[in-house]
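**Student:** Have a look at this prediction, sequence included:
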Amino acid sequence: MTSIEPIFGAGILSGLKQFVSATKLHPILVNFTAALVPVSVASDFLGRFLKSEPLRHTAWWTLFYATAMTPFTAITGWLFWMPDDNGVTGMTIHKWLGTGLAVVLCVLFAWRWKLLRQGRWATISYLVLGAVFVAALAYQGHLGGEQVFSGM
Ligand code: HEM
């Protein structure tokens, strides 16, 4: 008797792919990552120099939600992959840069959490990493958008 597990597993994956493709979940979730991280870094930057507690709290909570959402952004990206994305250099970069960004965001979050526990303002080195992250995120969005809209 053949095991149904591989069939069941493949069924779940193809069901998820269909769901993500029908709901266009990746293009929806990217907006959360693309908005929340820059708002967080900008709030920490302004909060530090204006000595503003509300901005410091904004920075923490927006990063919190970005870190919670971004794994889903990356996973839905993998599930949204289409045959015409294969062999496109920009999309190969998009795939691995996006996966890397989801991991690096966890590092940024751990660092920011430590600063929160110590009751400190964002340090210059944290802000530099945050700025590099935002630049890479903008490039990531550009690559995705180019693939979607270049044929229009
Ligand atoms: C931080 C992570 C990511 C961000 C911010 C991001 C951003 C974007 C953006 C802005 C688009 C254009 C959406 C539109 O306007 O319709 C897009 C499309 C796309 N992304 Fe991502 N992405 C991320 C991760 C990934 C990952 C890890 C993959 C994995 C393979 C991926 C695969 C795709 C695919 C397949 C498309 C659609 C391309 C097409 O229509 O042919 N993305 N992404």
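**Tutor:** Nice, thanks for sending it over.
**Student:** The most centrally placed residue in the chain: which element?
**Tutor:** Nearest to the mean C-alpha position of the chain, counting by C-alpha atoms, centre = their mean, stands Thr70 at 3.8 Å. Assessed by DSSP states H and E, Thr70 sits inside helix 53-80.
**Student:** Buried residues in that helix, which are they?
**Tutor:** By 16 or more other C-beta atoms under 10 Å, the buried positions in helix 53-80 come out as 55-56, 58-60, 62-67, 69-70, 73-77, 79-80. Backbone N, C-alpha and C define where each C-beta goes, glycine included.
**Student:** do the same with stretch 19-36
**Tutor:** Buried-residue list, stretch 19-36, by 16+ other C-beta under 10 Å: 20, 25-26, 29-30, 32-34, 36.
**Student:** ok, and what's touching the helix or strand bottoming out on mean pLDDT in the chain?
**Tutor:** Least confident helix or strand of the chain, by mean pLDDT, DSSP states H and E, is helix 5-23 with a mean of 85. Here helix 5-23 makes contact (C-beta atoms under 8 Å, 6 or more residues apart in numbering) with 25-26, 76, 79-80.
**Student:** Get me the contact residues on this structure for the ligand.
**Tutor:** Applying C-beta under 6 Å from any ligand atom, one finds that the chain approaches the ligand through 26-27, 30, 33-34, 70, 73-74, 77-78, 80-82, 85, 94-95, 98-99, 101-102, 137, 140-141, 144-145, 147-148.
**Student:** wait, Phe45 sits on Ala122?
**Tutor:** Yes - if you go by C-beta atoms under 8 Å, Phe45 and Ala122 touch, sitting 7.2 Å apart.
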